[in-house]
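Student: Dropping the sequence and predicted coords here.
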Amino acid sequence: MTCLFFIPTLCFSKILKDEVTSLGSEEFSYNSVCKKMLGKELPLIEYQNANTLDCMGTEVRVGSFCSKEMPDTPYLIRGFVDRDKNKVICKKGKKVVLKATCTDDYKCFDTELDCYKLGQIYAIRLHLDHHSSFSEKNQKIINCYFTVKNKIVLPK
């Protein structure tokens, strides 16, 4: 069993589909992330995992950084650490489609709640439009479909 590295509290055996209608991304240095989140420059910053930096012993979630850095961007979908570039990437998009297998440990009984939890990592500011599950080859599969929240503007 392989745990999804983006989600420490959920353990899906694997993501089968992660389809994004991308609107680009913004890159930030490790230094700028720690400085923005902790208010000071730090001499030692290390990669902890795909969604966390270790800023001199303080854990900094890059999804939180992206939300703080882009407060008015309705298209923010996720933040992650690109270890090869030594950068934090804040990705924007209009649509995210996820499909994941469930495990014996995490059976995906409530697809709406499970998709909501996945959305907190993979589709931060998008709206959950559809959730479902089905079984295939004795394996339960969960489907989640996220899109931009539509704001209705009434004429004055």
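Tutor: Sure thing, it's come through. Residues are numbered from 1 along each chain as shown.
Student: so for stretch 31-49, what's the average pLDDT?
Tutor: For stretch 31-49, mean pLDDT is 94.
Student: Run through who's touching that stretch.
Tutor: For stretch 31-49, contacts defined as CB atoms under 8 Å, 6 or more residues apart in numbering pick out 5, 8, 30, 53-56, 58-60, 62, 64-65, 68-69, 81, 83, 88. The C-beta positions use only the backbone N, C-alpha and C, and glycine is treated the same way.
Student: Would you point out which residue is most central in this structure?
Tutor: With distances taken as CA atoms, centre = their mean, Ile121 lies nearest the centre of the chain, 2.4 Å away.
Student: Go ahead and confirm that one touches Phe80.
Tutor: No. The pair Ile121 and Phe80 fails to qualify as a contact (CB atoms under 8 Å) at a distance of 9.0 Å.
Student: list the contacts for Asp82?
Tutor: 27, 88-89.
Student: what's the longest helix in this protein?
Tutor: helix 111-122 (DSSP state H).
Student: Report the buried members of the contacts of stretch 31-49.
Tutor: Neighbour-count burial (16 or more other CB atoms under 10 Å) applied to the contacts of stretch 31-49 gives 30, 53-55, 60, 62, 65, 69, 81, 88.
Student: okay, these in a markdown table with distance to Lys107 and secondary structure next?
Tutor: A markdown table is the format used below for the buried ones among the contacts of stretch 31-49 (distance: CB to CB, whole Å; DSSP: H, G, I helix; E, B strand; the rest coil):
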| residue | distance to Lys107 | secondary structure |
| --- | --- | --- |
| Tyr30 | 37 | helix |
| Leu53 | 32 | strand |
| Asp54 | 33 | strand |
| Cys55 | 36 | strand |
| Val60 | 32 | strand |
| Val62 | 29 | helix |
| Phe65 | 32 | helix |
| Glu69 | 36 | helix |
| Val81 | 30 | strand |
| Val88 | 33 | strand |
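Student: Phe109 - how many residues pack around it?
Tutor: Residues lying near Phe109 (other CB atoms under 10 Å) number 10.
Student: Check what pLDDT it gets.
Tutor: pLDDT at Phe109 comes out at 84.
Student: try Asn138
Tutor: Note for Asn138: predicted pLDDT of 82.
Student: burial count for it?
Tutor: Neighbours around Asn138, by other CB under 10 Å: 5.
Student: Brilliant, that's me finished.
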